[in-house]
Every structure is written in C-alpha cells, then in structure tokens.
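**Student:** need a structure here:
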Amino acid sequence: MLRDKLFLLNKDFEDPAYPGEVFYCWDCVSVEGLLKLYPSLETSLDIVRVDWKRPRPAIIELIGEENQNSPVLVFADDAPSDLADGEYKGRRFANTIPSIRKALAARHAIARAHP
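**Tutor:** As a prediction, this is how the structure comes out:
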C-alpha cells in the first residue's frame, strides 16, 4: 500500500439494541476533529468512511475480521513498526486514539497532542 488509509464510521447510524435512536461514534468524532483542524490530512492520506454495521469488508480486506473496529489507521508499507498497535499478514495498523494521533503527527506533519 502506498498511502496510509484511515477508516472512520459514517455518522448517524442506528443500533438495533436501541430502537428509534441515532448515534455517532465518539472516537471517530475526535479524529474527524483533527481532519477539520488539519485539512492537509485529507490530501496526505486516504480517508474511507464505512457503515457501523458489521461486517466491514473494506477493513477486513486489509487487516482481517478480528480487527474491524473503527477508527483505524492502516499504514502504508513504509511505516515504521513502532507506530503500530497491531499487524495482520504483514500489514501494520493503529487502532487506538492515542496511537492514531501519534501516527498522524509523526507521518503527516501535524502537531502532537499535548501530554
């Protein structure tokens, strides 16, 4: 893969466990905030929005069914291994908010989150 790929959930999804209610993913919203603060991210990485309902084929194709949580940043082949939370068939990824923020700062020239 030539570019990092960021997967986020689409907003306004329904969960059958809560009939009649509409939701957003709060982890995805925090990453969406970074995209608004740093518009350069929209051109420096591929951003893919997927439905909340599983399975999520676009994610599964890259990092396996067991890793289809979102948000997730799937790294390009040149990414250093120390940024990754996980690996699937040689493909590294970050799937926690702290590691996604760290990777975006390290690989896409945005500021770091204050410790």
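**Student:** now stretch 29-39: average pLDDT?
**Tutor:** When pLDDT is averaged along stretch 29-39, the result is 98.
**Student:** touching, Ser111 and Leu104? I think so.
**Tutor:** I think there's a mix-up here, since residue 111 is Ala and not Ser. No: assessed by Cβ atoms under 8 Å, Ala111 is found out of contact with Leu104, at 9.7 Å. Backbone N, C-alpha and C define where each C-beta goes, glycine included.
**Student:** which of the two has more residues huddled nearby?
**Tutor:** Shown here are Ala111 and Leu104; by other Cβ atoms under 10 Å, Leu104 has more neighbours (26 against 11).
**Student:** which strand or helix spans the closest residue to that one other than its chain neighbours?
**Tutor:** Distances taken as Cβ to Cβ, 6 or more residues apart in numbering put Ile110 closest to Leu104, at 5.7 Å, once the chain neighbours are dropped. Taking DSSP states H and E as the definition, Ile110 sits outside all helices and strands.
**Student:** gap between the closest residue to Tyr38 other than its chain neighbours and Arg54?
**Tutor:** In space, Tyr38 comes closest to Ile110 once its chain neighbours are excluded; the distance is 4.4 Å by Cβ to Cβ, 6+ apart. Ile110 sits 30 Å away from Arg54, going by Cβ to Cβ, to the nearest Å.
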